[in-house]
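below are the sequence and a predicted model for it; my questions follow.
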Amino acid sequence: MQGTKYAVTPVHTEEEIKLYDKFRITDSVASGINQPDYWQNFATAWSKASLSESMLRKNVFYKTAKSLKQHFNEAKDKSKCYNSLKMNEEKVNAADESLKSRFPKVKPTTTAESESTRTTF
């Protein structure tokens, strides 16, 4: 049990992701990410929106400052990974082609084939 009036879950539904993005981009909450009370202010704004009757029916749930910051950090990590993959895509593809040309695929043998070619002493 969490000991809270409302369930606290990570940002996970499509509606929550859209609301999160809206807050981060367009709301007054979007500025001041480096301020000490940023995540608390974000959570307060989120709570006001999520606890409205219309949002409860739209799969938007209560979040704490910690869960919102965690989502931000996870999204930032995913973005870094994606950007790294995109930046190096050409090099990885070239390496793949080089390896494929040096080491052509060998048809794997089945168990029956390998047993029939096995030498017994």
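That came through fine.

count of neighbours near Tyr82?
For Tyr82, the count of nearby residues is 10 (other CB atoms under 10 Å). (Glycine included, C-beta is placed from N, CA and C.)

oops, could you answer that again for Tyr20 instead?
Neighbours of Tyr20 under the rule other CB under 10 Å: 19.

contacting residues for the residue lying closest to it once chain neighbours are set aside?
Distance criterion CB to CB, 6 or more residues apart in numbering; nearest residue to Tyr20, sequence neighbours excluded, is Val11 at 5.3 Å. By CB atoms under 8 Å, 6 or more residues apart in numbering, the contact set of Val11 is Ile17, Tyr20, Lys63, Ser67, Leu68, His71.

and the fifth one, what does it touch?
It refers to Leu68. Val11, Tyr20, Trp39, Phe42, Ala43, Trp46.

state the pLDDT value of the third one.
So that's Trp39. Note on Trp39: pLDDT of 89.

then the helix or strand containing it to CSV, C-alphas only?
Using DSSP states H and E, Trp39 maps to helix 38-50. C-alpha atoms of helix 38-50 as CSV (Å, rounded to 0.1, in the frame of the first residue of the first chain):
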residue,chain,number,x,y,z
TYR,A,38,10.4,23.3,-10.3
TRP,A,39,9.3,19.7,-9.8
GLN,A,40,7.0,20.5,-6.9
ASN,A,41,5.3,23.2,-9.0
PHE,A,42,5.0,20.8,-11.9
ALA,A,43,3.4,18.2,-9.6
THR,A,44,1.0,20.8,-8.2
ALA,A,45,-0.1,21.9,-11.7
TRP,A,46,-0.4,18.2,-12.7
SER,A,47,-2.5,17.4,-9.7
LYS,A,48,-4.9,20.2,-10.5
ALA,A,49,-5.3,18.9,-14.0
SER,A,50,-5.3,15.2,-13.2
